[in-house]
Each structure stands twice: as C-alpha cells, then as structure tokens.
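Student: dropping the sequence and predicted coords here.
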Amino acid sequence: MRVWLYVVVVVVGGAVLPTTYATANDHNIGELDNLIQNDPASLWLSDVTLLVPHPQQLCAYIRCQEPILKTECPDGSYYREGVAQFGCCGACVQFQPEGEPCTGSVDPRYGGGYVELVASIAAQPQTGNVLQSMWCDYSLYCNENNTCQIDTKDEGCVYVQRQYDLAKSDGNYTSYRDDYRWRPDCTLDGKYAAKQCKGVGEEERCICVDPDGNRLFGDAFKIQTELYSTMNCACSRRVWERKAAGDLTVTLHCAANGNYEALQCEDGWCYCMDPNTTIPYDVRLPENSVKHLLCYNETLMGEQYLRRCGSQLAAHTELYEVMENRGVKGNPDPLVNCDLDGSFAGYQRDQVSAYCYDKYMKDQLSTSIDGTGCQCVRDKQFFAENNIAKSVLCSFNSGEYQDIQVLGETMAWCVDEDGVRSGPLVYQTYEESLNCDKATECQAGTNDSCDDVCEECPPDAYVLYNS
C-alpha cells in the first residue's frame, strides 16, 4: 500500500511549523481533507490552532508514485499533470463522451482549458490512477442542458476519428466499398499528429502534416523500409512552427521522411541531432569547425552545410532583408522553391511559365501550367529509378495525379494528391459513376457522402465485393 503525505501548518507560540502526516490510503485524501476542514478536533489537540494552507503549498511535501505510466493510460484517457492529490500529481483523466452530463469542455474552443481541470474531477479513482472529469472530451461542447454534444460544424481530426468509428459501429461501413478510408492519428488537444499513414496494405504511404492536416514536406512508402519505420516528421513540423511564427531564415535540414538529419547548422553554429529521439548531442561548434562533430559525414555534407538550392534561397532572403532595412522595396518571392532537405522542390516557376523538375534541377519532368504541383511526375521518376512496376496517370497540364486512375481495361479508382487510393475499386465499366469529390467528403467524416462515391452502383460493381 502506498502512503501519501498531507501537510498542515500548526501555530505554536506564534511560530508557524509545518507538520507532515500520512494518510491511511492514497485514494482517501479527499475524505481526509474534509475531515481536517470540518472536524479538526478529531485530529488535533484542542490547544493547537490549525491553519489549512493553499493546496499548492502541499506539493513540496507530497511524493507522487503513479501506478500508471504516462504512456500507459487506458484508451479514451489522457495523462495530465497536476490533477491528482491536491493538484500535485499526474494521473490519467477520462473526459465525458457524447450524451453524458457535463460542467464544461476540455476543448479550448468551447471554453475549456487546464487551469480549472482539478475542479472538474468527479472523484478519486477506486483502482489504478484514472480520474473521471465532468468536462466533455475534445470536439464536444457542453450544451445548455449540461450534456456533451458533438459540434456538427467541426471538421478537425477528432471529428474525423469519431465519424470513422461511428460508421464502423453502426453498420454504415462496408468493407468492399469503404476499405480506402483511414483513421487519422490525433494529438491530445484534438489536432492532427505530425505523421499520418493512409492507404491499404502495401499501398500505404505515410506523410507529414501540420496540426490542421495540411501536407508538409516528408513522406515514405511502406516499401521504403527504413524511412517508413523510423518516420516521425519532427523536423518538418518544427520548421512549420517556426515559419508560422514569422521566422523566414530557418536552415534546419530534414530527411526525406520529415525527420531531422543528424547534422544541423543555424546562425553559423552546428550541432548533432538524434533523428529518432530529436535530442541534440555532442558539442556546438562554429560552422567552419563542423568536421570535428561526431555526426559529420563528408560524403553527405561536402564542403558546406547549405546545399545548392538552400544556398540560393538563403542569399535571396538575406538580400531582401538588407534592402528592406535600407528602405528599398524588393521582391519577397524567391527565384527558387526548395524542399526542407535543401534540394530543389518539384514545382519551379519563372516570370512566364511553371515546370516540374527533379530534385537536382537537372531534368524537366513536365510543364505545370495550372501550378498545382508535381507529386505525380516525381513519384513516377521514383518508381522508375527503383524498378517498381507501377503505372500512374499524371494530369496533362500539371505534374499532379489524375483524379481517377485505371488499370488497363480492368478497374478504376480515385486517388488523392499523394496518389493514394481515396475511393473504392470498381470495374472500369463503372468509371464514369465515380465521384471523387464525394470520396474526399467521406474520408473527411461526412458519412452520408460515402453512399454516393459510386453513384447508383450495384454491389457487383465493386471489385472487392466477392473477395
């Protein structure tokens, strides 16, 4: 049995003395608190004056020994610091689901937060270290009837999760029709996790996204074993955060999968970064001494940290800032687009036209008249270089994927911007019945749209119907 310490302050002869007491059971601290507040005579001699301090003052005397690790909270609960034992210790917290009574919401969009989370705890746990809060879970708000309710206008990560689970539970998910749908990973605050994986089986592709689910640099196919298995997108997300805060001079180098590269240099100083733990190691050295760092690799780095595209971009940014400081109006748009690994991005444009190039700006892969991007032609080049037998259809006026892909005269399907199947497999005779916009809505959580992805298609129109 664990023992929790409770501290009171006793005034003796004008001196204030802290006194430490042990509770009989860590789950009965609430009862002890009530006893001290309402019936101190049962605990103390009558000639001793009791002063009950603010609960936070107790934390210096309480030792937390959680029976559950932060990473071991049960499904549907979140680890929170400062919610147990007078707000001194961490615990797993379960929030109210849809339809349950509530006093507020943990979601900041609906007036929630963390300052008063302790006050929302209904009771101390009877077993384990899981507390029940009277606040609604993320993407739920506490309505005028004090009941947790879904925000039907919410289109965030948790909403998509919930709609996916709802379709699975109420029978509206049909495996031969809806197998392309994927359940996003969400952070504790209901945003999209940096890494998202989508696609069926060996078609799976993981990508990096911002908190709203928008695409960032970094991806890996399942066949790219090492990139796929170690992918965390920490570098891509960090660069996004800094640029969103107005830092336009970020020189972090990210690997192809969005992870940190081992060697990083910023503002003339270089250091080593563990790509997996994202923890820096070794010493920081001036860039001209970078060869002495443990992570330095002459083959990968060459003579300087910034690569060709990164060097051009840094020079443009520096020139623009100098001109701006001198009151000269310059063009803020760089002449090149760079990826976060320092190479050239696929999409490049001049004053007249737009084109798709390889990462070395050596081979022109296609024109990009409508300026939507170059993912398809870049992927096509990757498949060819790695002897992967995969045929893809790119849009005529850009380097992006055509909405509908076909396999000979056999089958057809919708794909998203990453070439991942985003609709059901149907026989090609039903190709014109495919509505890829409805497929996008279905994946985004509009379950009613799932019935209209293949309009008026009978079950045998789907390739997987009899499989």
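Tutor: Received the coordinates, thanks. Numbering: from 1, shown residues only.

Student: so Ser449 makes contact with Glu441?
Tutor: Yes. Here Ser449 reaches Glu441: they are 3.8 Å apart, a contact under CB atoms under 8 Å. In short, each C-beta sits where N, CA and C put it, glycine included.

Student: which is the next helix or strand following the strand or helix carrying Val93?
Tutor: Assigning secondary structure by DSSP states H and E places Val93 in strand 89-96. The element immediately downstream of strand 89-96 (helix or strand, assigned by DSSP H and E) is strand 104-105.

Student: list the neighbouring strands of that following strand plus their orientation.
Tutor: strand 130-136 (parallel) (DSSP bridges).

Student: show me where the stretch 351-467 of the chain has its helices.
Tutor: For the stretch 351-467 of the chain, the helices defined by DSSP state H, counting those that start in this stretch cover 375-385, 436-443.

Student: next one: the stretch 51-200 of the chain
Tutor: Applying DSSP H, counting those that start in this stretch to the stretch 51-200 of the chain gives helices spanning 157-169, 175-178.

Student: which residues of this protein score low on pLDDT?
Tutor: Judged by pLDDT under 70, the chain has its weakly predicted residues at 1-57, 65-67, 112-116, 122-128, 330-333, 368-372.

Student: picking that back up, who wins for proximity to Tyr79 among the helices of the stretch 51-200 of the chain?
Tutor: Tyr79 lies closest to helix 157-169 among the helices of the stretch 51-200 of the chain, at 17.0 Å (CB to CB).

Student: and the closest one, what's buried?
Tutor: The neighbour-count check on helix 157-169 (16 or more other CB atoms under 10 Å) flags 157-164, 167 as buried.

Student: got these as JSON lines, with distance to Tyr138 columns?
Tutor: Shown next, in JSON lines, are the buried residues of helix 157-169 (distance: CB to CB, whole Å):
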{"residue": "Cys157", "distance to Tyr138": "9"}
{"residue": "Val158", "distance to Tyr138": "5"}
{"residue": "Tyr159", "distance to Tyr138": "9"}
{"residue": "Val160", "distance to Tyr138": "12"}
{"residue": "Gln161", "distance to Tyr138": "10"}
{"residue": "Arg162", "distance to Tyr138": "10"}
{"residue": "Gln163", "distance to Tyr138": "14"}
{"residue": "Tyr164", "distance to Tyr138": "15"}
{"residue": "Ala167", "distance to Tyr138": "19"}
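
Student: which one of those residues is nearest to Val83?
Tutor: Of all the buried residues of helix 157-169, Val158 has the smallest distance to Val83: 20.5 Å, by CB to CB.

Student: residues contacting that closest one?
Tutor: 137-139, 186, 190 (CB atoms under 8 Å, 6 or more residues apart in numbering).

Student: picking that back up, tabulate the helices of the stretch 51-200 of the chain (JSON lines), appending distance to Ser398.
Tutor: Output for the helices of the stretch 51-200 of the chain, formatted as JSON lines (distance: least, CB to CB, whole Å):
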{"stretch": "helix 157-169", "distance to Ser398": "27"}
{"stretch": "helix 175-178", "distance to Ser398": "29"}
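
Student: and those: which comes nearest Asp247?
Tutor: Among the helices of the stretch 51-200 of the chain, the nearest to Asp247 by CB to CB is helix 157-169 (25.5 Å).

Student: so how far is that closest one off the chain centroid?
Tutor: Remark: helix 157-169 is offset 17 Å from the chain centroid, using CA atoms, centre = their mean, to the nearest Å.

Student: what's the answer for stretch 460-467, then?
Tutor: With CA atoms, centre = their mean, you get 35 Å for stretch 460-467.

Student: residue closest to the middle of this structure?
Tutor: Residue closest to the mean C-alpha point of the chain, counted by CA atoms, centre = their mean, is Ala193 at 1.3 Å.

Student: could you pull up phi and psi at Ser391?
Tutor: Phi and psi for Ser391, reported as degrees, to the nearest 10, are phi -100, psi 130.

Student: and it, how many neighbours?
Tutor: The tally of other residues near Ser391 (other CB atoms under 10 Å) stands at 10.

Student: show me what contacts it?
Tutor: For Ser391, the contacting residues are Leu407, by CB under 8 Å, 6+ apart.

Student: number the residues from 13 up from this point.
Tutor: Got it, first residue is 13 now, which makes that one Ser403.

Student: Val142 is nearest to which of the helices of the stretch 363-479 of the chain?
Tutor: Closest among the helices of the stretch 363-479 of the chain, using CB to CB: helix 448-455, at 32.5 Å.

Student: tilt between the closest one and helix 169-181?
Tutor: Here helix 448-455 runs at an angle of 90 degrees relative to helix 169-181 (axes from the mean of the first three to the mean of the last three CA atoms, to 10 degrees).

Student: buried stuff in helix 448-455?
Tutor: Within helix 448-455, the residues that count as buried by 16+ other CB under 10 Å are 448, 450-455.

Student: now the residues you listed in JSON lines, with distance to Gln414?
Tutor: Shown next, in JSON lines, are those (distance: CB to CB, whole Å):
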{"residue": "Cys448", "distance to Gln414": "10"}
{"residue": "Lys450", "distance to Gln414": "17"}
{"residue": "Ala451", "distance to Gln414": "14"}
{"residue": "Thr452", "distance to Gln414": "15"}
{"residue": "Glu453", "distance to Gln414": "19"}
{"residue": "Cys454", "distance to Gln414": "19"}
{"residue": "Gln455", "distance to Gln414": "18"}
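
Student: from these, which is closest to His328?
Tutor: For those, the nearest to His328 is Thr452 (35.9 Å; CB to CB).

Student: give me the number of residues near the closest residue to Val172 other than its chain neighbours?
Tutor: Excluding the flanking residues, the one nearest Val172 by CB to CB, 6 or more residues apart in numbering is Gly457, at 4.4 Å. Under the neighbour criterion other CB under 10 Å, Gly457 is assigned a count of 22.

Student: kindly report the same for Tyr240.
Tutor: The burial count for Tyr240: 17, using other CB under 10 Å.

Student: go on, Gln393?
Tutor: Residues lying near Gln393 (other CB under 10 Å) number 17.

Student: now do the contacts for it.
Tutor: By CB under 8 Å, 6+ apart, the residues touching Gln393 are 370, 375, 377.

Student: quickly list what the residue nearest to Arg296 when sequence neighbours are not counted is bridged to.
Tutor: Leaving out its chain neighbours, the residue that sits closest to Arg296 by CB to CB, 6+ apart is Tyr283, at 4.7 Å. Bridge pairing for Tyr283 (DSSP bridges) gives the partners Gln276.

Student: distance check, the closest residue to Asp375 other than its chain neighbours against Gly411.
Tutor: The shortest distance from Asp375 to any non-neighbouring residue, by CB to CB, 6+ apart, is to Tyr369 (6.6 Å). Distance from Tyr369 to Gly411, counting by CB to CB, to the nearest Å: 9 Å.

Student: now Tyr150
Tutor: Distance of Tyr150 to Gly411, computed by CB to CB: 37 Å.

Student: cool, thanks, signing off.
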